[in-house]
Each structure stands twice: as structure tokens, then as C-alpha cells.
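1. coords please:
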Amino acid sequence: MAIVFDTLEYASRLKRAGFTEQQAEAQVQALAAIVNDNLATKQDLLAVKQELKQDMRDLEHRLTLRMGTMLSLAVGVVAALVKLL
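-> From the prediction side, this is the model:
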């Protein structure tokens, strides 16, 4: 979703403040490029939040499996050592 930026209103404010037409237009184009390219919308942030939650669930699952495997291996090693003694 795009951010709404009223370039015409911004240019009008600049002109009222004493900018020339060319200065106002250049300023509007520069700021519009920054706004459109670099700012995140609420929807962007929500999407990232959902992805992060899913990534964390996946990581939790992998860590649980890894810990289970390590625990099983440790129990097996201890059992083998007990048999040897």
C-alpha cells in the first residue's frame, strides 16, 4: 500500500513560503521519491510482524528437535557407559 503524499499541496506551501516554481517542483520531486521509496506503511509493518512470528515459531520447532536429539544421544551415551562399567 502506498503512502498518500499530496504533492500539489506541498508545492503550494513552498510557493507561499517564497520558493520559486522550479524550486518547489524540485523539492516536491525529491521528497516524493524519499517518501515512496523509504517509508513503511502500517500494512508493511504488519506483514513483517507476521513473518517474524512465523520465523520464530519455525526456529522454536528446530531448537526443540535439536534439543530432543541431543538429549536422546546423551541418554544413549550414559546407558552405554553404564553397561561398560
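2. per-domain residue ranges of the protein.
-> With automatic domain parsing as the criterion, the domains of the chain are listed as 1-39, 47-85.
3. tell me which element residue 26 falls in.
-> Assigned by DSSP states H and E, residue 26 belongs to helix 21-38.
4. check the offset of the very next helix or strand once past that helix from the chain's centre.
-> Next along the chain after helix 21-38, taking DSSP H and E as the criterion, comes helix 42-84. Here helix 42-84 shows a centroid-to-chain-centroid distance of 23 Å under the convention Cα atoms, centre = their mean, to the nearest Å.
5. residue 24: neighbouring residues, count only.
-> For residue 24, the count of nearby residues is 20 (other Cβ atoms under 10 Å). Placement of C-beta: from N, CA and C, glycine included.
6. show me where the chain dips below the pLDDT cut-off.
-> 1-2 (pLDDT under 70).
7. how about the contacts made by the residue sitting nearest the centre point of it?
-> What sits nearest the mean C-alpha location of the chain, by Cα atoms, centre = their mean, is residue 48, with 4.6 Å. Residues near residue 48 by Cβ atoms under 8 Å, 6 or more residues apart in numbering: residue 40.
8. just checking, what packs against the helix holding residue 26?
-> Packed against helix 21-38 by the contact rule (3 or more Cβ pairs under 8 Å, 6 or more residues apart in numbering; DSSP states H and E) you find helix 7-16.
9. which other helices and strands contact the helix it packs on?
-> Against helix 7-16 (3+ Cβ pairs under 8 Å, 6+ apart) you get helix 21-38.
10. buried residues, the helix it packs on. List them.
-> 24, 28 (16 or more other Cβ atoms under 10 Å).
11. just the domains of the chain: most buried one?
-> domain 1-39 (a mean of 12; mean count of other Cβ atoms under 10 Å).
12. thinking again about what came up before, residues in contact with the helix holding residue 26?
-> With Cβ under 8 Å, 6+ apart as the test, helix 21-38 has contacts from 2, 3, 5, 7, 10, 11, 14, 15, 19.
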